[in-house]
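Novice: Fold the following and give me the result.
(one chain, ligands or ions: 3)
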Amino acid sequence: MEPVMVPALRSVLAVSGQSCELSLDSERLAWRELRPRRDRSRRTGVCLTRVLQRARGLTDSLSRQLPSGGHSIPVSEIVSVGEAEIDETYHHSMKWEHMCKPHAFTVNYVQRVKNHRWRCKAVTFWCSDEVLCCHWLKALNDLLDHQTCRPKHLLIYINPYGGKKKGKQIYEKKVAPLFNLAGISTDVIVTEFANHARDDLYEVNLEKYDGIVCVGGDGMFSEVLHGLIGRVQKDKDIDHDNPEANLSPCAIRIGIIPAGSTDCVCFATVGINDPVTSALHIILGDSQPLDVCSVHRKKRFLKYTVSLLGYGFYGDVLKCSEKNRWLGPARYDLAGIKTFLSHHCYEGTVSFQAAKWAAGSPRDLTRCMSGCDICRQSSKQLDEHQKAQTLGSLQNEQEDWKTIKGKFMAVNAANMCCACPRSPKGLSPAAHLADGAADLIVVHKCSRLNFLRHLIRHTNKKDQFDFPFVEVHRVKTFQFTPKHFEDEDGDAESTDLRISGKKNFAQICTDHPSCGCNQVNSIWNCDGETLDQTAIEMRVHSQLVKLFARGVEDSKPKNKCSSRI
Ligand SMILES: CCCCCCCCCCCCC/C=C/[C@@H](O)[C@H](COP(=O)(O)O)NC(=O)CCCCCCCCCCCCCCC
Ligand SMILES: Nc1ncnc2c1ncn2[C@@H]1O[C@H](COP(=O)(O)OP(=O)(O)O)[C@@H](O)[C@H]1O
Ligand SMILES: [Ca+2]
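Specialist: Ligands and ions are numbered 1, 2, ... in the order given. A predicted model of the protein is given here:
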C-alpha cells in the first residue's frame, strides 16, 4: 500500500470493503477493484471491511463506472475532500472501542443523474495508516487549490416571495450545506422589498466577492442583472441612456438558484431548474457568457432583458397574471387561457437589422449546447464585423433595416431559447446564449385555431415557425412602434402616458374602430417584468455578463457543441 508518487499518485486502498487501486493525476481520480467482490476469503481485514460496509452514505453508487468495473472522476468535478466522519455510535455499539480510529478520507463529487440533474455523492477511501491518508488528502487538496475558477466568497440575495415562496427554505436546506461542504463563505441577504437586491448592488463592495447568487425566478435574476450591469457602467462612467453606448462587460459571475415561477434563464443555461444542480455548477466555478439586450425609447434607457421581450400575447399574459400572484406559478396558466380566449391582436410596425454575421439561423435545427460552436463562431465574426465598421469598410448600416407592418398576435424577441418546464424546447429552440443576436418572432394576426396550433407546437417536437402567419429573423437590433404612435406622429412619451394613465382600454378601443382589434395596446413582457412604454428599441450586447453555468450538456456526448434537434 505504498503510494507511488512518480509521475502520479497510486495506492491500494479500500472502498466499501473492497481492495482498490486508486490513482490520481492532475486530471482524474480513478479506482478499480483488485479482486472480485465475492472473493471474501482474501479481503483486507474483517473489522475494516465491516466498518466500510456499514459506513454512512458510502453505498456503491459511484460516479463514472468504467466498462472495466473501474470508476473515474475528473478532478474538476470534485466538490471537496476531507477526513472521513466515522459513525461513533455504531463504532461503540459494535464493541470495537479497542480498535483505533481507522484512517479514511471522503471525496465528495458531482454525479450526473437523469435530465441534466446533478447530485453530490460521497465515496470514502480507507488507508492502512495515517501517513498514507494524510498524503492523499494533501495531494487532493493541492489539486483542488489549483481550480482557480471556483468561487470562495459569494454574495447571496434571496427573494422570499418568488415562485411558491420557498426561496429561503430551498437555500437553507439544499444549497447552504453544499456551499459549506465546499468551503465557500457567504453573505446572505433576504430581500425585504422589490428592487432591494438591485439597489444594494450599487452600494456593495464588489471586490469582496467572486460571484453574486440570486435565489428566485427570472424576475429576481433580472434585478441582480440590472444592479450589476448598472453598477459596472456607473463605475466606468458609461451612459446607459445612450442606445449606441458600448457597455462594459461584468467580470463577476452571477449564479441562479431556481426558486421562481418560470426559471427560464436557469433552465436554458443548465438544462433543468433544480437548486442542487445549480449550486454544484456554482461550486465548480462554471462560466457561461450570456448576451444581454438593452431596451430604450429614444435616448432613454428602460430595461435589460436576457430571455423574452414579448409584446401582445406574452405581454397580456404577464399583465393578467400579476393580478393573481397569490396563485404562484399557476397564475401564468390561468392568464394564458384567459389571454388565449380574448384573442387580441395589435397593429404596428416592426423594423429590424438582421445579424448578418451570425453563424446560425433560427430554423437551422441546432441547439445551443455546452461549449457551443455557433456562439464561438458568431462572436468571432461579430468582432471582425465591428472592427470593419470602425475602419469604415462596411456600407452604411442604415440601409440594412427591414420593416414589417401589420396586425400581430405577438412580437417576441428571444435572446436565448427560453426553454422552461412548460416548453422544454422553448420559444425559439435554435436561439443561442452567447452569439450576440436574438430571434425576433412575429406572429401575424391569425384565427384562434391557428394560434392554438402555433402554441401547442411549443410543447412538442414540431416546428412552431412552420406557419404562413409566423416569421422569425435573427437580429442584432429591432424597433417596434404601435400604430397609434404613427397616426399621432408620436411624441412617444406623452402618448404612452396617456394610454397607461388616463384612458382605459375599452375607451381606446372605441376610439379606434378601424383597427379591428379589441385593444389598441398591449404591454411588453421583459423577462417577466412589465414595461409601461410600448414604442421601444432593442439592441443585443454580445456576452455582457457571465453565469455560473456551462450551457446544456449533451446527454449523448458525441458532438460536444451544437447538436441537431
Ligand atoms: C396549449 C399549451 C401552450 C403552451 C405554450 C407554452 C409557451 C411557453 C413559452 C414560455 C416562454 C417563457 C419565457 C420566459 C419568461 C420569463 O422570463 C417570465 C418571468 O418568469 P418568472 O415568473 O420566473 O420571473 N415568465 C413569463 O412571462 C411566463 C410566460 C408563461 C406563458 C405561459 C403561457 C401559457 C399559455 C397557455 C395557453 C393555453 C391555451 C389553452 C386553450 C384552451
Ligand atoms: N422581498 C421582496 N418583496 C416583494 N417583491 C420582491 C422581493 N424581492 C424581490 N421581489 C420582486 O419579486 C418579483 C418576482 O420575483 P421572482 O423571484 O422572479 O419570482 P416569480 O418567478 O414568482 O415571478 C421580482 O420582480 C422581484 O423584483
Ligand atoms: Ca443570443
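Novice: Could you check how far the residue in the chain that ligand 3 sits nearest to is from residue 437?
Specialist: Here the residue of the chain nearest ligand 3 is residue 291; by C-beta to the ion that distance is 4.0 Å. C-betas here are computed from N, CA, C, even on glycine. With distances taken as C-beta to C-beta, to the nearest Å, residue 291 is found 7 Å from residue 437.
Novice: so what sits against both of those two?
Specialist: Shared contacts of residue 291 and residue 437 (C-beta atoms under 8 Å, 6 or more residues apart in numbering): residue 540.
Novice: So for those two, which sits in the more crowded spot?
Specialist: Under the neighbour definition other C-beta atoms under 10 Å, residue 291 and residue 437 were set side by side, and residue 437 has more, 32 against 25.
Novice: on that earlier part again, got a list of what the residue of the chain closest to ligand 3 touches?
Specialist: Residue 291 makes contact with 306, 415-416, 432-438, 540-544, according to C-beta under 8 Å, 6+ apart.
Novice: now with 10 Å?
Specialist: Listed by C-beta atoms under 10 Å, 6 or more residues apart in numbering, the contact partners of residue 291 are 306, 375, 378-379, 415-416, 431-438, 476, 540-545.
Novice: Residue 108 now?
Specialist: Contacts of residue 108 were listed using C-beta under 10 Å, 6+ apart, and they are 57, 78-82, 120-123, 178, 181-182, 283.
Novice: excluding its backbone neighbours, what's nearest the closest residue to ligand 2 within the chain?
Specialist: Nearest residue of the chain to ligand 2 (C-beta to the nearest ligand atom) works out as residue 217 at 2.2 Å. In space, and not counting its chain neighbours, residue 217 is closest to residue 260: 1.5 Å by C-beta to C-beta, 6 or more residues apart in numbering.
Novice: Now the residue lying closest to residue 209 once chain neighbours are set aside. Its backbone dihedrals?
Specialist: Counting by C-beta to C-beta, 6+ apart, residue 209 lies nearest to residue 155, which is 4.6 Å off, once chain neighbours are set aside. Torsion angles at residue 155 (phi, psi; degrees, to the nearest 10) stand at phi -110, psi 120.
Novice: Tell me the backbone dihedrals of residue 323, please.
Specialist: phi -70, psi -20.
Novice: I meant residue 188, not that one.
Specialist: The phi/psi pair for residue 188 (degrees, to the nearest 10) is phi -110, psi 130.
Novice: Pull the number of nearby residues for it.
Specialist: Look at residue 188: counted by other C-beta under 10 Å, it has 16 neighbours.
Novice: Report the beta-bridge partners for the residue nearest to residue 209.
Specialist: Assessed by DSSP bridges, residue 155 has beta-bridge partners residue 187, residue 212.
Novice: Could you do residue 537 as well?
Specialist: Note on residue 537: beta-bridge partners by DSSP bridges are residue 296, residue 479.
Novice: ditto for residue 349
Specialist: With DSSP bridges as the rule, residue 349 is bridged to residue 405, residue 481.
Novice: For residue 485, see how far away it is.
Specialist: Residue 349 is 9 Å from residue 485, by C-beta to C-beta.
Novice: Please apply the same query to residue 207.
Specialist: Using C-beta to C-beta, residue 207 is found at 45 Å from residue 485.
Novice: And these two? Which one has more around it.
Specialist: residue 485 (20 against 6).
Novice: my read: that one touches residue 348, true?
Specialist: Yes - between residue 485 and residue 348 a contact is recorded at 7.7 Å, counting by C-beta atoms under 10 Å.
Novice: Quickly list what's touching both of the two.
Specialist: By C-beta under 10 Å, 6+ apart, the residues touching both residue 485 and residue 348 are 521, 534, 535.
Novice: Out of the residues you listed, which comes closest to residue 232?
Specialist: Compare each of the shared contacts of residue 485 and residue 348 with residue 232 using C-beta to C-beta and the shortest gap goes to residue 535, at 27.8 Å.
Novice: Go ahead and confirm that closest one touches residue 486.
Specialist: Yes - counting by C-beta under 10 Å, residue 535 does reach residue 486; the two are 9.3 Å apart.
Novice: Residues that sit against both of the two, list them.
Specialist: Joint contacts of residue 535 and residue 486 (C-beta under 10 Å, 6+ apart) are 348, 349.
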